[in-house]
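Student: here is a sequence together with a model predicted from it:
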Amino acid sequence: MDFFAIDSRFNKEKAISAIRFGQEATLLEAELHELQDIQNSFRQEMASLLFSSSIVKAASLQTNALANSFKAGIMDAFIMGYPVHIENNNDEPDNLVILSAPPETGTRYDLVYMELWFETIDYLSNIYRFGGEASGTVPNDLVDYRIGTETSRRVQLRWRIASVDGIDFTSYPKGVNAPSVKAKGANSHPVEWNFAAVPGDSGLFIAGSGDGPSKTLLETRDGYSYAIPLFKVVRSAGKTAITLEDIMDIRVHARDVTPLQIGAVPLVGGTMTGALTLSGDPTQPLHAATKQYVDAARLGLDCKESVRVATTGNITLSGLQTIDGIALSAGDRVLVKNQNTASQNGIYIAASSAWARAEDANTSSKVTPGLFTFVEQGNVNADSGWILTTDRPITLGSTGLTFVQFSGAGQLVAQDGLYQSGNLLGVSDSGISDSKIGLRTLNQGLASPTNSGNLTQLLSWLAGRIKTIAGTTNWYDTPSKTISQLAGEKANLSGATFTGPVSLTSFGGSTWSSEKTPSGVFTETGLGWYIREINNISGYPYTYGTILGYANSSNSYKYCFQVFKGSDGPLYYRQATSSSVWTSWEQVWTGYNDGAGSGLDADKLDGYQSNTGTVANTIPVRDSSGKIPGSITGDAATVGGKTLGTEIPLKDGTVQTNLNADMVDGKHANNTANNIATLDSSGNLSAPGGTVTLGTFKIVYNSTLGCLDFIATGV
């Protein structure tokens, strides 16, 4: 609950005129609030009986060079019994009124009015000069410097000068109660509350219901917003300058209000030359009234003559007896307030026989809500005041009567930590101590910390923060490591040596949008590893991909290299030194890209390159016609009756598919036995001993192609 959430229990229908406080009893804030509300209600009712809310003093209106504006002048008003000084800030004290632009066509009537509301302010609030929204602020000194916090809240009567366009003054002569005029109160924007005339106060209009939702919506202390009309302004098409002739004064002025006339008591003959002193308050309908009776009646009070004593318990209403330590005499007035049968309570005259009610309180018409009296003597009730709190209707003898103490002269005594100066109680400078404050239980899980709270809240929030930082179960537990220990275990930003594995989630850096030269890499990265994203730029094997690189520019010998991986494809590598020139991208061969079409130059056998021609020291392969060109030389040999040693085209050979490095089906490429024959330096195919054995073949001359065909017969 908010520290200042307890509110008054004031209800106008209770007609309570005062509050009496018990001897040595605790003062409750609700009762003090109610006492203020009773006084404010009396003042407002008295003011409304005397005259309406009105302007009591006003300076002259003035034109203004600023378009769509005029100066309303400084004013003083009396609103619901409250004086209000209407003055803007020091830069423009004459209440500058700014209206919206004039209509494009025709004529429009605008309303200028003043809205007022009661607003609760605390030590963090702005305190506005004279309560005006545009009047500047004054220092907020609500914090009690002796204890460093606020011990009370103030209620300020706030106001603003506002305007509304296009009012139908024919239907709504004062303009304020027109449907388009919405109340704002302390809210930052208008709400759905219209103003209505206040009965009995011709100058005042009110919006709101006074209940909880209305207080929340209007953000006002009492759930209402008030307004008084000021001016009716004629706006003509295209006319931005406002002249005095355009402004009609619709304010209610004090000179227009007829005050309450209280006539004197007429004399029948003769002339009264001095004051008339009456013997007492009237007791009959036609009795003359004393001033004190009239004053009390005007304030809604029913003051009775004081009593000698007041009861402290149930008594027998007869015989002379001792009450509150005082022995009664016949004729003593006694306030009887503690009877078991509450309808017997009232003011009595003590007698040796049965008691009778006092003359001023012996009929229902004389016993009204708000009846009060003072007690003269007694051990308990001396110098105390008591008020009747029973509501109407009251039937004397059958309605239970309840009396409540509302004052006790001399009964307030300053205890430890407090001082008393007359009727004032305060906290002494030495009054705040641990023994006075008492123990506090901290809630280290208290949610939603703010900069404002009571002592227990602030300490609880601090304890919760300590618990979070220390990583302990309770704020007072010893942490596993101190801050100094943790500082000794951290790694420096440079030059750190790690004693265990380190996981990197990012190498830093941004996406490159253009190719970086080696110098650019040295400048950006300096020494170390880096990762960069390539986003649709040239200079790389693919326009999209990722660069993993390393740069060393820590000494005169600069060196860097890069590995590139596209979104789909093989790896590439390049490097650069201090020359600031990249080498060409070289493809990195892996199991991912060693297949057909990879570009891998893997057709060499023992260092010999395959060739379709007759190049020396190469391995012959079929040409585009399916032939293996070349010459077979050595000792003379014949095949099918033809002499070998000349160039013999070959075709229809068996293609081996299980190539393994420089071996074909397990045979090396050389001129030894059981291996693959190769062309010698002259481009001839030779074999040891002069004989080339090709297995079991049939050689047939092909007249169409002009060559010999080797046809296997034994394989």
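Tutor: The structure has been received and is ready for your questions.
Student: and the nearest residue to residue 369 once chain neighbours are set aside, what does it touch?
Tutor: Leaving out its chain neighbours, the residue that sits closest to residue 369 by Cβ to Cβ, 6 or more residues apart in numbering is residue 15, at 4.2 Å. (Glycine included, C-beta is placed from N, CA and C.) The contact partners of residue 15, by Cβ atoms under 8 Å, 6 or more residues apart in numbering, come to 300, 368, 369, 370, 391, 392.
Student: against residue 99, how distant is residue 15?
Tutor: 46 Å (Cβ to Cβ, to the nearest Å).
Student: and if you look at residue 290?
Tutor: 55 Å.
Student: of these two, which one has the most company?
Tutor: residue 99 (20 against 16; other Cβ atoms under 10 Å).
Student: and for the residue nearest to the more buried one when sequence neighbours are not counted, the neighbour number?
Tutor: Spatial nearest neighbour of residue 99, chain neighbours left out: residue 68 (4.9 Å); criterion: Cβ to Cβ, 6+ apart. Close neighbours of residue 68, defined as other Cβ under 10 Å, add up to 18.
Student: contacting residues around residue 68?
Tutor: 98, 99, 100, 101, 102, 240, 242.
Student: can you tell me the element the last one falls in?
Tutor: So that's residue 242. Under the criterion DSSP states H and E, no helix or strand holds residue 242.
Student: is it in contact with residue 69, as I believe?
Tutor: Yes. Applying Cβ atoms under 8 Å, one finds residue 242 in contact with residue 69, separated by 6.6 Å.
Student: low-scoring stretches of the stretch 351-500 of the chain, by residue?
Tutor: 409-414, 421-424, 431, 436, 491-496, 498, 500 (pLDDT under 70).
Student: ranges for the helices of it?
Tutor: 434-437, 455-470, 483-489 (DSSP state H, counting those that start in this stretch).
Student: please identify the most buried of those.
Tutor: Among these, ranked by average contacts under mean count of other Cβ atoms under 10 Å, first place goes to helix 455-470 (a mean of 16).
Student: residue 408 and residue 450, how far apart?
Tutor: Counting by Cβ to Cβ, the gap from residue 408 to residue 450 is 40 Å.
Student: I misspoke; the intended subject was residue 191.
Tutor: Distance of residue 191 to residue 450, given as Cβ to Cβ: 27 Å.
Student: what about those two, which has more around it?
Tutor: Set residue 191 next to residue 450 and count neighbours by other Cβ under 10 Å: residue 191 wins out with 17 against 8.
Student: so what pLDDT did the closest residue to that one other than its chain neighbours get?
Tutor: Setting aside the residues directly before and after it, residue 191 is nearest to residue 217 in space (Cβ to Cβ, 6+ apart), at 5.1 Å. In this prediction, residue 217 carries a pLDDT score of 93.
Student: one step back: I'd like the contacts of residue 68 as TSV, with secondary structure, distance to residue 45 and pLDDT appended.
Tutor: Shown next, in TSV, are the contacts of residue 68 (DSSP: H, G, I helix; E, B strand; the rest coil; distance: Cβ to Cβ, whole Å; pLDDT from 0 to 100):
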residue	secondary structure	distance to residue 45	pLDDT
98	strand	37	91
99	coil	37	94
100	coil	39	93
101	coil	44	95
102	coil	44	95
240	coil	46	93
242	coil	39	93
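Student: give the buried subset of those residues as a ChimeraX selection command.
Tutor: Of those, the buried ones go into a single ChimeraX selection, burial set by 16 or more other Cβ atoms under 10 Å:
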select :99,102,242
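Student: now compare the contacts of residue 68 and name the two farthest from each other.
Tutor: Across the contacts of residue 68, no pair lies farther apart than 98 and 102, at 12.9 Å, counting by Cβ to Cβ.
Student: can you pull out the helices in the protein?
Tutor: 29-50, 212-218, 291-298, 434-437, 455-470, 483-489, 518-525 (DSSP state H).
Student: who wins for proximity to residue 149 among those?
Tutor: helix 455-470 (8.4 Å).
Student: what's the closest one in contact with?
Tutor: So helix 455-470 is in contact with 437, 440-446, 449, 453, 473-477, 479, going by Cβ under 8 Å, 6+ apart.
Student: closest to residue 177 among those?
Tutor: residue 453 (43.6 Å).
Student: residue contacts, the closest one?
Tutor: residue 461.
Student: name the nearest of the contacts of residue 15 relative to residue 59.
Tutor: residue 300 (37.4 Å).
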